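> pasted the sequence and its predicted model underneath.
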Amino acid sequence: MTVSDKPVVEKQAAVEKQNYRDAMARLGSAVNIITTDGPGGRAGFTASAVCSVTDSPPTLLVCLNRSASVHSAFTQNQVLCVNTLADCHESLSNLFGGKTPMQQRFEAAEWARLATGSPVLTNALVSFDCNVTQITSVGTHDILICEAVALRRNDDSHGLVYFDRRYHPLMRQTAC
Ligand SMILES: NC(=O)C1=CN([C@@H]2O[C@H](COP(=O)(O)OP(=O)(O)OC[C@H]3O[C@@H](n4cnc5c(N)ncnc54)[C@H](O)[C@@H]3O)[C@@H](O)[C@H]2O)C=CC1
Ligand SMILES: Cc1cc2nc3c(=O)[nH]c(=O)nc-3n(C[C@H](O)[C@H](O)[C@H](O)COP(=O)(O)O)c2cc1C
């Protein structure tokens, strides 16, 4: 039997936007509510485009569409909190991912503050309170490079994954 070691690749002149989104929908990711407060006002939005960059200094990145209504608040304030959602937060994620007025988004949950003054979701799986240290534009989005200055964890919560355009609970292994 002959086994080809070459993967099957569909040749295309260019990757269409819709094909790209359909492909990206197959990458499962954590869901986060990114918040800010300061001179630019209080704001928050749902984001799956969040990634760890380096632990020295502790740095993550957040991709934010420049056409989002929250964009100017984040670039003016230069601080943000990444609140990673737990399995109970599906409706909160939809609220912060839609066209809902800002006050209505924040009224739906309880918030605290850590070092930067950005709203910290009290029952988030984990919260990273950050200073925005660099902003780089790529295509439609700004990549916000963020240095964590305070952390808060809820070690008993289960996780939430966004995969195939739906939310899925991710259960923590419990001792038995
Ligand atoms: N990175 C982003 O800006 C993301 C934006 N969204 C927005 O949330 C809404 C619902 O999304 P879905 O139900 O997942 O269906 P969808 O078909 O719009 O997106 C499928 C996947 O493509 C990627 N994606 C979507 N819009 C993108 C954008 N403007 N820039 C870069 N990547 C993008 C994401 O990985 C997303 O999970 C849409 O309006 C979408 O634009 C969702 C996920 C990520
Ligand atoms: C599951 C999910 C993930 C999302 N991820 C991102 C993201 O990573 N970056 C982004 O700019 N927008 C993302 N969005 C879209 C924003 O949440 C949405 O555009 C934001 O609420 C701004 O909307 P507004 O202009 O009505 O305020 C996502 C939406 C959903 C539902």
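Perfect, thanks for sending it. Ligands and ions are numbered 1, 2, ... in the order given.
> what does the chain put close to ligand 2?
Proximity of the chain to ligand 2 (CB under 6 Å from any ligand atom) is limited to residues 31, 45-49, 63-65, 68-70, 93, 96-97, 99, 162. Using the backbone N, CA and C atoms, a C-beta is placed for each residue, glycine as well.
> out of those, which are buried?
Taking 16 or more other CB atoms under 10 Å as the criterion, what is buried in the residues of the chain next to ligand 2 is 31, 45-48, 63-64, 68, 70, 93, 96-97, 162.
> tell me the spacing between the residue nearest the centre of the chain and ligand 1.
By CA atoms, centre = their mean, the chain has its centre lying nearest to residue 47, at 3.2 Å. To ligand 1, residue 47 is 7 Å away according to CB to the nearest ligand atom, to the nearest Å.
> beta partners of that residue?
In this entry, residue 47 is beta-bridged to residue 32, by DSSP bridges.
> and it, what does it touch?
Listed by CB atoms under 8 Å, 6 or more residues apart in numbering, the contact partners of residue 47 are 31, 32, 33, 34, 62, 63, 64, 82.
> check whether the strand or helix carrying residue 160 contacts ligand 1.
Per DSSP states H and E: residue 160 is located in strand 159-163. No - applying CB under 6 Å from any ligand atom, one finds strand 159-163 separated from ligand 1 by no less than 6.6 Å.
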